[in-house]
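J.: Provided below are the primary sequence and the corresponding predicted coordinates.
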Amino acid sequence: MKTLIAVVLTFALSLAVTAWAQDNPQSSGSQGQQQQSAQTSQNQGSQNMSGKVSSDAKNFKDDQSHQNYKVDNPSTLQSYEGQHVALVVHVDPDTNTIHIMQVEAAPQQ
């Protein structure tokens, strides 16, 4: 009977330790690994696009998909109205909105 109680207590203790270890972020890896995975997930949202900026710089038409996007930070396109540009953006597919990270004027053909 004492052996059965000891086994049950050992099992309960091991479950508690396992649950605590999974809840504790330090035990699953270093902070550097956590920061690296956060940066990777942020970079996965970035896309390269090229297309034409609208005359009011509030919209952008992608050359490849021919899709129109609303620009959530149009001030970044203020000097590119009506021009063809290359962009690095974050796309929100739910609202069909892009956030511009980088702008480059497309080379003239």
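T.: Looks like it arrived, so ask away. Residues are numbered from 1 along each chain as shown.

J.: So what touches whichever strand or helix holds residue 48?
T.: Taking DSSP states H and E as the criterion, residue 48 maps to strand 46-53. Contacts to strand 46-53, defined as Cβ atoms under 8 Å, 6 or more residues apart in numbering, come from residues 59-64, 77, 80-91, 98, 101, 106. Any C-beta I mention is one placed from the backbone N, CA and C, and that applies to glycine too.

J.: Among those, which ones are in strands?
T.: Among the contacts of strand 46-53, the members found in strands (DSSP state E) are 59-62, 84-91, 98, 101.

J.: What are the buried residues along stretch 90-97?
T.: Using 16 or more other Cβ atoms under 10 Å as the test for burial, stretch 90-97 gives residue 91.

J.: What is the end-to-end distance of that stretch?
T.: Taking Cα to Cα, to the nearest Å, stretch 90-97 runs 8 Å from one end to the other.

J.: now stretch 70-80
T.: End to end - Cα to Cα - stretch 70-80 spans 15 Å.

J.: and residue 90, what are its bridge partners?
T.: Per DSSP bridges, the residues bridged to residue 90 are residue 46, residue 99.
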